[in-house]
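Visitor: task: produce atomic coordinates for the following.
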Amino acid sequence: MDVPSVGALGFRVKSGWAAAALLRGHREAPELSFCMRVQLSDPDPATRQPYHARFGTLETDENVLSARLEAVRRCALASVDEVLERCARDGVTLRGVGIVAGSLADPGRIANEHIRAHALEGLLFRSVLAERIQESMIPCRFLLERDLWAEAGRALGIPESDLKPIVAELGRGRASPWRADEKLAATAAWTML
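Guide: Modelled structure (predicted):
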């Protein structure tokens, strides 16, 4: 029987999906266990941007919006459950989850309808993701993408200029794809390890 190990998850939230990365081991020498794309919306393109009516306008039809939001919720919760189950099957006890977002702006303070729609969607996707994590009693933290490298460097005691190449090497040969979103997810996980 495998000995349980400690790990942390990171997510980089996008419209309708997220990159997820699980790091395990010690903070001083983390190992990438897996990296995957997590669907936060169903195949209907309208659920990737549920607050958009048509370009530049906000969806105001409550029936349309309600159906889209329910589809997002159903799909996102199932996807998060799948990731958490994979961690449990792999014998990983999660220490925490870091969720990277492009913006944490309050949608109510945004006058432009199109930009507000994007902000509402960002809030929706990261909130549904965090909801399931918090229901599982796992510590969860939101991180702003533009501040992530500096925050991670401070938290880990590694200069920011050294951190990016270390993260790049974490996934080399272990994850495909290993692009910016996956690296951000892994960095968020590392801050929680």
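
Visitor: what is the neighbour count of residue 11?
Guide: By other C-beta atoms under 10 Å, 31 other residues sit near residue 11. Every C-beta, even on glycine, is put in place using the N, C-alpha and C of the backbone.

Visitor: grab the nearest non-local neighbour of it.
Guide: Counting by C-beta to C-beta, 6 or more residues apart in numbering, residue 11 lies nearest to residue 18, which is 4.5 Å off, once chain neighbours are set aside.

Visitor: let me know the pLDDT of residue 167.
Guide: Listed pLDDT for residue 167 reads 96.

Visitor: tell me the contacts of it?
Guide: Residues near residue 167 by C-beta atoms under 8 Å, 6 or more residues apart in numbering: 183, 186, 187, 190.

Visitor: go through the helix or strand where it lies and flag the buried ones.
Guide: Element membership of residue 167 [criterion: DSSP states H and E] is helix 160-171. Using 16 or more other C-beta atoms under 10 Å as the test for burial, helix 160-171 gives 163, 164, 167, 170, 171.

Visitor: my read: the second one touches residue 149, true?
Guide: Meaning residue 164. Yes. If you go by C-beta atoms under 8 Å, residue 164 and residue 149 touch, sitting 6.7 Å apart.

Visitor: distance from stretch 121-137 to the middle of the chain?
Guide: 9 Å (C-alpha atoms, centre = their mean, to the nearest Å).

Visitor: residues in contact with that stretch?
Guide: Identification of contacts with stretch 121-137 by C-beta under 8 Å, 6+ apart yields 9, 11, 13-16, 18, 40, 49-52, 69, 72-73, 76-77, 80-81, 84, 94, 97, 99, 101-103, 105, 107, 140, 142.

Visitor: run the last query once more with 6 Å
Guide: Residues outside stretch 121-137 that contact it (C-beta atoms under 6 Å, 6 or more residues apart in numbering): 13, 15, 40, 49, 51, 73, 76-77, 80, 97, 99, 101, 103, 107, 140.

Visitor: then stretch 146-154?
Guide: For stretch 146-154, contacts defined as C-beta under 6 Å, 6+ apart pick out 100, 160, 163, 187, 191.
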